[in-house]
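**Student:** Pasting the sequence and the predicted model now:
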Amino acid sequence: MAHSVRSRRTAAALAALSIGMLALTACNGDADNDVAAPGKQASPSATGKGKGTDTPSSAAPGDGGGSGKSSASPSPSTPASSPEPGSDDDQDGGVGMCETTDLTYKVTVASRPVNHALLAASNKGSDPCLLPANELVITIPGLDGAAEHMGPEGKDWILKPGESAYAGILFSRADTAGGKSADKVEVALTAAESPTTVSINGGPVTVNDGQVTSFFGTAEDALTY
């Protein structure tokens with residue numbers, strides 16, 4: 001009897017000890033959970049992922065990440081082109097005026113119109129020069145005065161090496177009788193220059209009322225007047 005009572009007490013004590021150990025284990029587990037929970041809520045990595053769109057881009061200018069900034073940058077403007085020499089704004093382009101001695105001359109009697117001759121003036125130099133179109137002076141040796149101007153005025157232009165300009169010379173009018181026979185003319189580009197003497201191909205001609213045109217670019221234009 002005493003033995004069975006002792007056994008029941010021992011079993012009861014063991015059961016109470018087991019229950020106490022289980023309760024202690026449960027309390028420790030809850031404490032661990034309570035400590036770990038605040039750490040998860042305050043995790044920096046979790047906060048960074050939630051606000052990733054507010055982080056400034058570190059991409060260098062010119063790559064894909066800097067497209068928003070580069071689109072606002074103005075592109076450099078292209079400088080305006082300067083006028084070239086010889087253009088309408090600067091016709092002579094710094095080229096010097098043609099002088100009488102810069103050119104060679106040829107005077108040929110024209111078949112039509114009658115009593116006309118064609119003067120061809122060619123640049124014999126290696127450099128271009130600016131030809132004065134309206135100052136041509138034609139005189140006949142032994143006759144006083146220079147030929148009068150006829151026809152429209154032309155424009156000064158640059159005569160390149162080897163190029164020619166043309167002028168028409170009228171020696172006499174059909175309704176004017178008499179005159180002087182001539183086989184040479186004197187040519188100067190301006191009145192300020194000394195003339196050069198040129199033989200008349202197809203001469204002699206009769207001169208009684210000399211006239212001359214301005215310089216033109218073609219023989220046809222020069223013989224129109």
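**Tutor:** Sure, I can see it.
**Student:** Okay, helices next: where are they in this protein?
**Tutor:** For the chain, the helices defined by DSSP state H cover 2-41, 44-50, 67-70, 219-222.
**Student:** now the strands for this structure?
**Tutor:** 103-109, 116-123, 129-131, 137-139, 148-149, 157-159, 164-170, 180-182, 184-188, 196-201, 205-207, 211-212 (DSSP state E).
**Student:** hey, which of those strands is tucked in deepest?
**Tutor:** Of those, the one with the most neighbours on average (mean count of other CB atoms under 10 Å) is strand 164-170, at a mean of 23. Any C-beta I mention is one placed from the backbone N, CA and C, and that applies to glycine too.
**Student:** In JSON lines: the strands of the chain, plus distance to Thr218 and mean pLDDT.
**Tutor:** Below are those laid out as JSON lines (distance: least, CB to CB, whole Å; pLDDT from 0 to 100):
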{"stretch": "strand 103-109", "distance to Thr218": "15", "mean pLDDT": "98"}
{"stretch": "strand 116-123", "distance to Thr218": "11", "mean pLDDT": "98"}
{"stretch": "strand 129-131", "distance to Thr218": "14", "mean pLDDT": "98"}
{"stretch": "strand 137-139", "distance to Thr218": "19", "mean pLDDT": "97"}
{"stretch": "strand 148-149", "distance to Thr218": "19", "mean pLDDT": "96"}
{"stretch": "strand 157-159", "distance to Thr218": "13", "mean pLDDT": "95"}
{"stretch": "strand 164-170", "distance to Thr218": "6", "mean pLDDT": "97"}
{"stretch": "strand 180-182", "distance to Thr218": "26", "mean pLDDT": "91"}
{"stretch": "strand 184-188", "distance to Thr218": "19", "mean pLDDT": "97"}
{"stretch": "strand 196-201", "distance to Thr218": "19", "mean pLDDT": "97"}
{"stretch": "strand 205-207", "distance to Thr218": "23", "mean pLDDT": "92"}
{"stretch": "strand 211-212", "distance to Thr218": "16", "mean pLDDT": "96"}
